[in-house]
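Asker: based on what follows, work out the 3D shape:
(one chain, ligands or ions: 1)
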Amino acid sequence: MIGLPAAITTCLFDLDGVLTSTASLHRAAWRRTFDEILARHGEGEFTDEDYAAHVDGRPRLDGVRAFLASRGLNPPEGGPDDPPDAETVHGIGTRKNDLVLRLIDEAGVDPFPGSLRYLRAVREAGLAIGVVTSSANAAGVLDAAGLDEFVQARVDGVTITTEGLRGKPAPDSFVACARLLGVAPEAAAVFEDALAGVEAGRAGGFGHVVGVDRAGQPDALRDAGADVVVQDLADLLEVTP
Ligand SMILES: O=P(O)(O)OC[C@H]1O[C@@H](O)[C@H](O)[C@@H](O)[C@@H]1O
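Answerer: Here you go, the predicted model:
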């Protein structure tokens, strides 16, 4: 019993905040990075609402552009070789990445216990498993969390850049992972904690979209297109669809 419609043969999981608790580390690193910029421009602090609306679930540089634009700030693009102190989109992204890698290193990476139980149940039920994340750090996080053994296909921030995919909330990364696993979107379920990710699942025509509410925003997840909202993936083990 995995709490999914019978037509679903494949599960596509977001990583940070769905399988691992690293979402809070990303949010903390973004907050520190942006607060320093905002203070210099006389702007109010970066809030959880800012994170949910502009940054969560999106590729790194999209998050930099979208959030700063929401405060009327539009730094130059710069390039991937910009140093972390450069006031460019790339420099700011690198600054945040240095910070999040340090936080991940200090805190370590653990899967949510309920997510681990759910992954085991999904595998036992014979469904395919993919991971779809905007993070370019996914390989290291999956390895540190000990989750590699479950993952049959992965589309991450590196794939998004090298293949020129549009990031969430566009459905491209989920569609690419479904294609890698050889299934149509209607046969796949999407599991997401970010509003942008839920929107991507809905936009891609996926068969079932599960919103995972880690931030106290069940209504917003439903409004973004979640078919069902749970607090923890293990809640689905109790559900009769
Ligand atoms: O900076 P990274 O590791 O490539 O991650 C990009 C984004 O990945 C998403 O999974 C997170 O929700 C975002 O907070 C993060 O900004």
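Asker: give me the element residue 114 is part of.
Answerer: Counting by DSSP states H and E, the element that carries residue 114 is helix 113-124.
Asker: tell me which residue of this protein is furthest from the middle?
Answerer: What lies farthest from the middle of the chain is residue 42; by Cα atoms, centre = their mean that is 30.1 Å.
Asker: against the ligand, how distant is the nearest residue to residue 113 once chain neighbours are set aside?
Answerer: Distances taken as Cβ to Cβ, 6 or more residues apart in numbering place residue 234 nearest to residue 113, at 7.6 Å, with adjacent residues excluded. (Each C-beta comes from the backbone N, C-alpha and C, glycine too.) Residue 234 sits at a distance of 21 Å from the ligand (criterion: Cβ to the nearest ligand atom, to the nearest Å).
Asker: how about the residues of the chain that lie near the ligand?
Answerer: Among all residues of the chain, those adjacent to the ligand (criterion: Cβ under 6 Å from any ligand atom) are 16, 23, 26, 55-57, 59-60, 63, 97, 133-137, 157, 194.
Asker: how about 5 Å then?
Answerer: Residues of the chain found near the ligand (Cβ under 5 Å from any ligand atom) are 16, 26, 56-57, 60, 63, 133-137, 157.
Asker: need these in JSON lines with secondary structure, can you?
Answerer: Putting the residues of the chain next to the ligand into JSON lines (DSSP: H, G, I helix; E, B strand; the rest coil) gives the following:
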{"residue": "16", "secondary structure": "strand"}
{"residue": "26", "secondary structure": "helix"}
{"residue": "56", "secondary structure": "coil"}
{"residue": "57", "secondary structure": "coil"}
{"residue": "60", "secondary structure": "helix"}
{"residue": "63", "secondary structure": "helix"}
{"residue": "133", "secondary structure": "coil"}
{"residue": "134", "secondary structure": "coil"}
{"residue": "135", "secondary structure": "coil"}
{"residue": "136", "secondary structure": "coil"}
{"residue": "137", "secondary structure": "coil"}
{"residue": "157", "secondary structure": "helix"}
